[in-house]
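In: test case, fold it:
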Amino acid sequence: MFKYLFHWILFLGFSLSATAQLFAPHTYPQGYFRNPQNIPIKLNANFGEMRPNHFHMGLDLATQQRENIPQVAVADGYVGKIKIEAGGFGNAIYLYHPNGYTSLYAHLNDFYPELQQWVIEQQYQAESWKIELEPPPHLFPVRKGQFIGYSGNTGGSQGPHLHFELRRTADESCLNPLLFDFNVYDVTPPDLHRLAIYDRNRSTYEQVPQTYALQRKAGAYTIPGSIVTVNSNRISFALFAIDRITGVPNTNGIFETVVYLDDKPVSGFQIDNISYKKTRYLNAHADYRIKTTGGPYYQHLTPLPGDRLGIYKNWSENGFVVLKDTELHNITVVVKDAHGNSSKINFSIRYSGHTNPASGIQSDSRYMLPNQINVFEREDVQLMTSTLSLYDAIRFLYSAKTKAGAYSKVHVLHTPAIPVHDSISIRVRPSQEVPAGLEHKIIMVKAARGKLDVSQTKFLKGWFEARFREFGEFWLEADLTPPVIAVSGVSNGSVLGSGSRIVCSVSDNWKKIKNFRAELDGNWLRFVQRGTTFVYTMDAHCAPGTHTLRLTVEDVAGNQTEKTIHFSRR
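Out: Model (predicted):
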């Protein structure tokens, strides 16, 4: 017994000291960038935190629960890009710095005056409020600490805050800002909650993993009984864990994990940089099925076959824990945050010698595999994946049913509990004749997890085609209902003054607006969008006198609604 404990002490000492050597050291500049605000940093979210269909790609900084906190440049540089959109970042500034990094400031209300005026001029030239601009380097230089804009709550924001990112300018990969030393105090190690074990002789989507609640004992975590018996000689793990910054209650994502088998590293990951081109691979990194059916985020410690995220490192056996006998073996999982605070899991594992039945993936034609094109065909429905669509093998499921008023059967294509990365092409043949001229009004409807989504279709040789990034139920319908425009702040005969606002709320029976356009006396007028609400505040583009305002809204089926209002400005 003493010998066994002594072995564990030596093993744990090795694990904790060796982990720092397993990943390449970071060489990011320290102290080069300053706080982007003139108030103390308080993190609401960190880099790598898991969100629906994506990782959180920067830091969310608190703004004292209010808007219009001045934001400043974190270093010398110039405004290299401006992006304005209704969702996502809302109003965002990108600053390019001479040391090869880019800083990004998102969800702003307004930019500093000279930049704000220039952006509005560009929007009028493009006749589009949504815009992406790349001013030349000499136009808007900035100095470290210079005021660049006001914090806000624009875009896909759920409350006032600043979303802040640091990127490598050359390839736009997002980097973990906490590795640049922003003087964030943190001595709190990650909290570890549950561990899942997978049979990696089978697809992870064709099994229910063994899960265990973790218990804290003697300064580490373990599972009940401290010994696990598995019916597979090749396994991997997933972990439900969270991190907290000292003194801040918000839960954050973890930074690094390493799995050890008998004192040797097997697999792990480190989230120090992620590209927006790969952020959707979160759906492979996390157990998607557990999360979408009401469970927590379990993070895989070994990548799935179709995962191309690039955060993992495998040291042996392709990252699998391979058990070559039925003896007890030691497992340790070391988990770290970006400040080096660590927690660990210790337990023993044994292979029973009895392997679960083979899945038959190679011989069953109903299986769809990752990293290849997969096709499903019936006389009235076709589905095609790309080589990037799937993360692991699935035994494809199909059924059909009828729906009153639909122009096709309802085709049940697998289940939305299994994720899709790249979009899949779906073609449906109508089950009843579509009247001539109505083809362009046919939309494809998707039902998944209690929500409906629609897409415009392409009609070709009797088939209607659309693309989606989710499995579910699909059918065709004709959309003949135009969208609705509700206007407040102005009506026919109104007399408006300085500071008056015109607010347009648009709605559609399928909740999908394709275009909104406002014209004042035949010229495009800048309305600011937030969701399905569009707002114009009286400015120099509406001079004193009488005016005609024309509003046009179009949905995905091409149905249009127009509204014309005659008013005066004093």
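In: need the three-state assignment for R427.
Out: Under DSSP: H, G, I helix; E, B strand; the rest coil, R427 falls in the strand class.
In: would you confirm that I331 contacts K264?
Out: No. The criterion here is CB atoms under 8 Å, and I331 misses it with K264 at 11.1 Å. Where you see a C-beta, it was placed from the backbone N, CA and C, and this is true even at glycine.
In: more neighbours, the two?
Out: Between I331 and K264, counting by other CB atoms under 10 Å, I331 is the more crowded of the two (22 against 13).
In: now name the helix or strand holding the more buried one.
Out: strand 329-336 (DSSP states H and E).
In: mind checking what helix or strand follows that strand in sequence?
Out: Following strand 329-336 in sequence, per DSSP H and E, is strand 342-351.
In: how far away from the center of its chain is that next one?
Out: Computed by CA atoms, centre = their mean, to the nearest Å, the chain-centroid distance of strand 342-351 equals 31 Å.
In: repeat for stretch 147-167
Out: Centre to centre, stretch against its chain (CA atoms, centre = their mean), the figure for stretch 147-167 is 17 Å.
In: endpoints of that stretch, how far apart?
Out: 20 Å (CA to CA, to the nearest Å).
In: next: stretch 123-136.
Out: With CA to CA, one end of stretch 123-136 sits 17 Å from the other.
In: repeat that for stretch 86-99.
Out: Note: stretch 86-99 ends 32 Å apart using CA to CA.
In: please identify the buried residues of that stretch?
Out: By neighbour count on 16 or more other CB atoms under 10 Å, the buried set for stretch 86-99 is 86, 89-97.
In: before we move on, what about stretch 517-535?
Out: Applying 16+ other CB under 10 Å to stretch 517-535 flags 517-518, 520, 524-527, 529, 532, 534-535 as buried.
In: can I get it in CSV, CA atoms only?
Out: Taking Å, rounded to 0.1, in the frame of the first residue of the first chain, the C-alpha atoms of stretch 517-535 are listed here in CSV:
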residue,chain,number,x,y,z
ARG,A,517,-35.0,50.2,-47.7
ALA,A,518,-36.0,53.7,-46.9
GLU,A,519,-36.0,56.6,-49.4
LEU,A,520,-36.6,60.3,-48.7
ASP,A,521,-37.7,62.1,-51.8
GLY,A,522,-36.2,59.3,-53.9
ASN,A,523,-32.8,59.2,-52.1
TRP,A,524,-31.6,56.5,-49.8
LEU,A,525,-32.1,57.4,-46.1
ARG,A,526,-30.0,55.9,-43.3
PHE,A,527,-32.0,54.0,-40.8
VAL,A,528,-30.1,52.3,-37.9
GLN,A,529,-31.1,48.6,-37.5
ARG,A,530,-31.5,46.7,-34.3
GLY,A,531,-33.1,43.4,-34.9
THR,A,532,-36.3,44.0,-36.8
THR,A,533,-36.6,47.7,-35.8
PHE,A,534,-35.2,50.5,-37.9
VAL,A,535,-34.7,54.0,-36.6
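In: hang on, the earlier thing: of the buried residues of stretch 517-535, closest to C504?
Out: Within the buried residues of stretch 517-535, proximity to C504 (CB to CB) peaks at F534, which comes in at 4.4 Å.
In: which SSE is that closest one in?
Out: Here F534 is assigned to strand 533-537, by DSSP H and E.
In: other SSEs contacting the helix or strand just after that strand?
Out: Later in the chain than strand 533-537, the nearest helix or strand by DSSP H and E is strand 545-555. Applying 3 or more CB pairs under 8 Å, 6 or more residues apart in numbering; DSSP states H and E, one finds that strand 545-555 makes contact with strand 484-488, strand 501-507, strand 513-520, strand 560-569.
In: tell me which strands strand 545-555 pairs with, and in which orientation.
Out: Taking DSSP bridges as the criterion, strand 545-555 forms sheet pairs with strand 513-520 (antiparallel), strand 560-569 (antiparallel).
In: so which bits of the longest one are buried?
Out: Neighbour-count burial for strand 560-569 flags 561, 565, 567, 569 (criterion: 16+ other CB under 10 Å).
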